[in-house]
Structure formats: C-alpha cells, structure tokens
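Undergrad: just the structure for this:
(one chain, ligands or ions: 1)
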Amino acid sequence: MALESPTPQQSRCLNCGFEAPGGDDEWIRLEVPGLGRMTQCPSCESTNVITGR
Ligand SMILES: [Zn+2]
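TA: Numbers count the residues shown, from 1 in each chain. Sure thing, here's the model as predicted:
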C-alpha cells in the first residue's frame, strides 16, 4: 500500500450541493470582466461554487 487513494479535487455548489471535479466539463465557465473566471453551477446557475483547488 503506497499512497492513500487520491481524492479528486471536487468543486461544490454551495447553493444546491451539486458536485463535480474541478475543471470538469459539467461546470459552466464564465468570463467576467474585472473579476476573471468564475465557475457556474449547471444545476441551479449559481456562481456560489467552491472550487477544489
Ligand atoms: Zn447549484
């Protein structure tokens, strides 16, 4: 047994609880002028998402 099983870096929507790996195609990526890149939940369209990294 070498390493503990690698935990994929999950991103999670704080609004509805949707989870998917950070950077996954399921997430909607928004380019917001002045703010940069944001991740949007495909389920509830909230941008209140914590990214896995
Ligand atoms: Zn959501």
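Undergrad: check contacts around P21.
TA: 8-11, 52 (C-beta atoms under 8 Å, 6 or more residues apart in numbering). Backbone N, C-alpha and C define where each C-beta goes, glycine included.
Undergrad: again, only using 10 Å
TA: Taking C-beta atoms under 10 Å, 6 or more residues apart in numbering as the contact definition, P21 lies against 8-11, 27, 52.
Undergrad: what is the most centrally placed residue in the chain paired to in the beta sheet?
TA: Nearest to the mean C-alpha position of the chain, by C-alpha atoms, centre = their mean, lies S11 at 3.3 Å. Applying DSSP bridges to S11 yields these beta-bridge partners: A20.
Undergrad: OK, contacts around it?
TA: 18-24, 26-27, 39, 41, 49-53.
Undergrad: hmm, try it at 8 Å
TA: 19-24, 27, 39, 49-52.
Undergrad: quick check: which ranges of the protein have low pLDDT?
TA: 1-8, 53 (pLDDT under 70).
Undergrad: spell out which parts of it neighbour the ion.
TA: 13, 15-16, 18, 41, 43-44, 46 (C-beta under 5 Å from the ion).
Undergrad: can you flag which of these belong to strands?
TA: Cross-referencing the residues of the chain next to the ion against strands under DSSP state E gives C13.
Undergrad: any idea how far E45 lies from L30?
TA: 10 Å (C-beta to C-beta, to the nearest Å).
Undergrad: is C13 in contact with T51, as I believe?
TA: No. In this structure C13 lies outside contact range of T51 using C-beta atoms under 8 Å: 10.6 Å.
Undergrad: compare these two (neighbour count), which wins?
TA: C13 (22 against 14; other C-beta atoms under 10 Å).
Undergrad: just list the residues touching the more buried one, thanks.
TA: Contacts of C13 by C-beta under 8 Å, 6+ apart are 19, 41, 43-44, 46, 48-49.
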